[in-house]
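> Generate coordinates for the sequence data below:
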Amino acid sequence: MTRILLVEDHELNRYILSKLLIKMGFAVEVAQNGVEAIEKSKLGGFNVILMDMRLPDMNGWEVTEIIKSDPQLQDIPIIGLSAYDEGDAREQALTFGCDDYDTKPIVLERLIQKIGNFLTLKHLPSGAQPYLQCSEPD
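Sure thing, here's the model as predicted:
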């Protein structure tokens, strides 16, 4: 089963996104701040980390840097999430080690596509696979 670590400090965002991902067949573990994210990531077994960039104790860039500096964790794909779609937010997230970036509010189909880009089909829950189909441009 695909395991996702969702790092999100906002309670409503954390609740909604985790429930949607669980409904689609993912196993979701949550962390509410940077320290908790680092601790939980060290437990291992995560296929993807969804990282909020604005956390109360340290920012998501710092947390990403710490996780990516650990040789045992550096291969876990991290998708940065932020409500800020400023011109350099994506570039900054990628510079600090995020493997991809997405903006809030979350568009579930888009996020599932990004998660799927880092997983083999055998790791994707069957409920998520339809979202990976590409459609013809209009």
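> Could you give the bridge partners of the residue nearest to residue 40 when sequence neighbours are not counted?
Spatial nearest neighbour of residue 40, chain neighbours left out: residue 31 (5.1 Å); criterion: CB to CB, 6 or more residues apart in numbering. (Each C-beta comes from the backbone N, C-alpha and C, glycine too.) According to DSSP bridges, the residues that bridge with residue 31 are residue 7.
> hey, where'd the strands end up in this structure?
Assigned by DSSP state E, the strands in the chain fall at 3-7, 27-31, 48-52, 78-82, 100-103.
> outside of the last one, which residues touch it?
Pointing back at strand 100-103 there. Strand 100-103 has contacts (CB atoms under 8 Å, 6 or more residues apart in numbering) with 77-85, 89-90, 93-94, 110-111, 114, 117-118.
> Can you say which of the residues you listed are buried?
77, 78, 79, 80, 81, 82, 89, 90, 93, 111, 114, 118 (16 or more other CB atoms under 10 Å).
> Next up, the contacts around the residue nearest to residue 40.
5, 6, 7, 8, 37, 39, 40.
> check contacts around the last one.
Applying CB under 8 Å, 6+ apart, we find residue 40 in contact with 5, 29, 31.
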